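> Sequence and predicted structure, then a few things I'm wondering about:
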Amino acid sequence: MSVVCHIRVIDTFGTEPAYNHEDYATLHGYRTNWGYWNLNSRQYMTMFPHTPDNSFMGFVSEELNNTEKRSIMQNKVNNMAVVYGKEASMWKIVDSVYHSIGHKTHTPDNSFMGFVSEELNNTEKRSIMQNKVNNMAVVYGKEASMWKGKEGFLQILHRYMEVHGTVYYETQRPPEVPAYVKNHGLLPQHELQMLLRKAKLFIGFGFPYEGPAPLEAIANGCIYLQPKFHPPHSSLNHEFFRGKPTSREVSSQHPYAEQYIGRPHVMTVDYNNSQEFDTAIREIMNTKDFCTPEAPFPPANSSSSKLGSSSPASPGPQFVLLPNSSALTWAPNTSAPTAWPPLSSLRLLASQEGKSCVEACQRANLVCEPALFRFVNNKEALRGLEVQCEVVEAEVNHVFPAFSVLRRECGLQKDPLLYSCAGHSPKYRRLCPCRDYRRGQVALCRDCL
């Protein structure tokens, strides 16, 4: 018996279906030094959900109790910021860049596997809130090279806040780190936690991408400020992603935090626009509450759902339009095959040309669910969307199921290994199996508990 299906790959970059399928990748130019293992795409385990095609393994982040949250609030320094940049080279960028609106910078991102970040209880959260210093910022940048050339926006930050760094050095202070920065050196984890519990702002330089540090900072009551990338970083414009098994475009240093956490805890701005950066700092200074204890997550009921088999959908599925929506769902009066997640969570959408199902679902505040592709890979789904097809063919193509409005051509997926949330083509609009999700629990649909 084959043991391939038992393999789980810890994958820092994520692997999209077009890169995973060996024959397809070789024929269509997607073959890289990684990938082409012909696994089910869900066998790749990632830290962050770059694409729903892979499995989101996650990571651990400490959760504070209410006492700790109160303590943090009391000790926060309102004008203290910590810069996310440990190496001096990370601080390098021409100073004039930060005064020219619209200047473009490039740097891709990636990481998606899972790590641990402690979750605080409500007592711990209250303790943190009580100890916050309103004007204290910590910089996310451990290497001196990361600080070089960042003087422009650091000067703006310095006008309002006390700037702290954790830059490593052996004998003398790195010259790339400005004199006004209070540098603590490379701190042990516990001491870094204490620093973050006191600071109000944690600020990123644009690299490293999607690390655990911003989530640790947010868990400790900091606002995380990060750069917006124009254009998005990808293998097309940055060496970091070249050769990686993904075509992903990264819009910021930490897209996961930007999308799933967002304001007021995460702010994403154009660092090249000094006015926008200045406005963001002043908004952060005026933000009062960081760690308000949240309502408890509703407990799961006693009923349970069984995982469905991988057999194809029963013939003749029917889709109906949801009220006040452009999405279709499985008709409630139609018998639904056993599936996980349940078909009640399915929201069928058509993407725009050139857009992936990841993007199409996100625009509707949904997530793409690859496990549901098999239920929309049929003519009934095309009919439900009122697509006009002169021809419907099943092909091996990582953007199918999809259709071309101009050519009135429709394509269904012939190889399930190529079901792809991430795939996109300027020629096609894709059939996207989106689903709903629980607030704060993206991995779970609303009916999953």
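Received, thanks. Numbering: from 1, shown residues only.

> So in this protein, where's the weakest helix or strand by average pLDDT?
Sorting the helices and strands of the chain by mean pLDDT, DSSP states H and E puts strand 115-121 at the bottom, at a mean of 58.

> next structured bit after that strand?
As assigned by DSSP states H and E, the chain's next helix or strand after strand 115-121 is helix 124-128.

> how far away is Gly35 from Ser55?
With distances taken as C-beta to C-beta, to the nearest Å, Gly35 is found 16 Å from Ser55. Placement of C-beta: from N, CA and C, glycine included.

> okay, these two: which has more neighbours?
Neighbour count, other C-beta atoms under 10 Å: between Gly35 and Ser55, Gly35 has more, with 25 against 22.

> Provide a list of residues in contact with the more buried one.
Gly35 is in contact with 15, 19-20, 25, 245, counting by C-beta atoms under 8 Å, 6 or more residues apart in numbering.

> Where does pLDDT dip in the stretch 301-449 of the chain?
301-317 (pLDDT under 70).

> in it, which spans are strands?
Assigned by DSSP state E, counting those that start in this stretch, the stretch 301-449 of the chain shows strands spanning 319-321, 328-330, 346-350, 367-368, 391-395, 402-404, 409-413, 429-435.

> Stretch 401-419 spans what distance, first to last residue?
Start-to-end span of stretch 401-419 (C-alpha to C-alpha, to the nearest Å) is 8 Å.

> buried residues in that stretch?
By 16 or more other C-beta atoms under 10 Å, the buried positions in stretch 401-419 come out as 401-404, 409-413, 415, 417-419.

> and Ala137, how many neighbours?
Ala137, neighbours per other C-beta under 10 Å, totals 32.

> same check, this time on Tyr428
Residues near Tyr428, counting by other C-beta under 10 Å: 26.

> Tell me where the stretch 151-300 of the chain has helices.
151-160, 189-198, 213-219, 255-260, 274-285 (DSSP state H, counting those that start in this stretch).

> Turn the ones you listed into TSV, columns for mean pLDDT, distance to Ala443 and mean neighbour count.
Shown next, in TSV, are these (pLDDT from 0 to 100; distance: least, C-beta to C-beta, whole Å; neighbours: other C-beta atoms under 10 Å):
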stretch	mean pLDDT	distance to Ala443	mean neighbour count
helix 151-160	92	35	20
helix 189-198	89	26	18
helix 213-219	88	16	25
helix 255-260	86	11	19
helix 274-285	92	30	17
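
> Domain parsing of this structure, as residue ranges.
Following the assignment in automatic domain parsing, the chain carries domains at 4-57, 62-285, 319-435.

> What is the end-to-end distance of the longest one?
To tie it back to what came earlier, the one meant is domain 62-285. Taking C-alpha to C-alpha, the first and last residues of domain 62-285 lie 25 Å apart.
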